[in-house]
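1. Have a look at this prediction, sequence included:
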Amino acid sequence: LLFEDESMIRDYQALQRTWFEKGKQRIVRTTGKHRGVKLLSSVDYCNGKIVWHEDVEYTADTFLNFLNRVLEAYPSGNITMVLDNARIHHAKLLEPFMNENKRLTFVFLPPYSPQLNIVEGLWKWLKGDVVNNVFYHTVAEIRNNVRSFMESIMKNPQAIIDRLCVRMESDKIVELL
């Protein structure tokens with residue numbers, strides 16, 4: 001059972017839960033540009049395994065490449081992927097792929113229900129540890145820190161389960177399926 005979502009890590013960061021002297025708000029510089037890193041990720045609800053991919057854009061082709069990466073990571077068995085209703089998830093380009101890969105099934109979340117997707121918790125974790133309250137001079141710096149974060153947490157799947165998966169009650173998952 002995989003949960004999937006996308007996120008954009010922008011090069012203009014936000015202040016989030018930081019300390020500063022009263023009356024002297026902390027300032028985080030910004031480049032003033034809207035560049036960033038586009039991520040796709042899935043989290044395995046049962047074992048905490050993460051499959052993730054970075055790309056320059058969100059398109060049906062990007063999503064198709066990501067699905068191929070997921071199938072490589074899970075070479076056998078059936079896969080149920082829970083995801084939102086983004087346009088790229090419904091693209092006609094996916095139809096031949098889905099017909100060829102019957103072991104992959106999509107379960108779409110109800111509209112406007114990000115609280116049901118555990119990958120949203122991954123994005124919050126990533127942004128809290130890597131992005132918020134930090135200035136990056138280049139997108140390459142963001143990319144390197146995102147990669148380091150993902151590699152680091154993937155070494156401990158139990159921590160991923162404890163932080164992301166346990167929060168969703170099993171009856172909510174049954175409702176989804």
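-> Noted; the coordinates are in hand.
2. CA atoms for contacts and neighbours, from now on please.
-> Noted.
3. Return the set of buried residues in the longest helix belonging to the chain.
-> Ranked by number of residues, the top helix in the chain under DSSP state H is helix 139-154. Using 16 or more other Cα atoms under 10 Å as the test for burial, helix 139-154 gives 142-143, 145-146, 150, 153-154.
4. quick one: average confidence on stretch 49-60?
-> Averaged over stretch 49-60, pLDDT sits at 93.
5. Export that stretch to PDB, keeping only CA atoms.
-> Extracted in PDB, the C-alpha atoms of stretch 49-60 (Å, rounded to 0.1, in the frame of the first residue of the first chain):
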ATOM      1  CA  LYS A  49      10.000   2.300   2.200                       C
ATOM      2  CA  ILE A  50      10.300   5.600   0.200                       C
ATOM      3  CA  VAL A  51      10.600   5.800  -3.600                       C
ATOM      4  CA  TRP A  52      11.200   9.400  -4.700                       C
ATOM      5  CA  HIS A  53      12.100  11.300  -7.800                       C
ATOM      6  CA  GLU A  54      13.200  14.800  -8.600                       C
ATOM      7  CA  ASP A  55      12.300  16.500 -11.900                       C
ATOM      8  CA  VAL A  56      12.200  19.900 -13.600                       C
ATOM      9  CA  GLU A  57       8.400  19.800 -14.100                       C
ATOM     10  CA  TYR A  58       5.200  18.000 -13.200                       C
ATOM     11  CA  THR A  59       3.800  16.400 -16.300                       C
ATOM     12  CA  ALA A  60       2.200  13.100 -17.200                       C
END
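6. From the chain's centre, how far out is it? Work that out for me.
-> Offset of stretch 49-60 from its chain centre (Cα atoms, centre = their mean, to the nearest Å): 8 Å.
7. still on that earlier bit, starting from the longest helix of the chain, tell me the next helix or strand along the chain.
-> For helix 139-154, the succeeding helix or strand toward the C-terminus, using DSSP states H and E, is helix 157-160.
8. And for that next one, what's in contact with it?
-> Identification of contacts with helix 157-160 by Cα atoms under 8 Å, 6 or more residues apart in numbering yields 47-49, 153-154.
9. Can you classify the residue in the chain sticking out farthest from the centre as helix, strand or coil?
-> Within the chain, Gly23 marks the point farthest from the mean C-alpha position, 36.0 Å out by Cα atoms, centre = their mean. Of the three states, Gly23 takes coil under DSSP: H, G, I helix; E, B strand; the rest coil.
10. Next, the residue most central in space within the chain: secondary structure please.
-> The structure's the chain has its C-alpha centroid closest to Ser41; by Cα atoms, centre = their mean the separation is 4.0 Å. Under three-state DSSP, Ser41 falls in the strand class.
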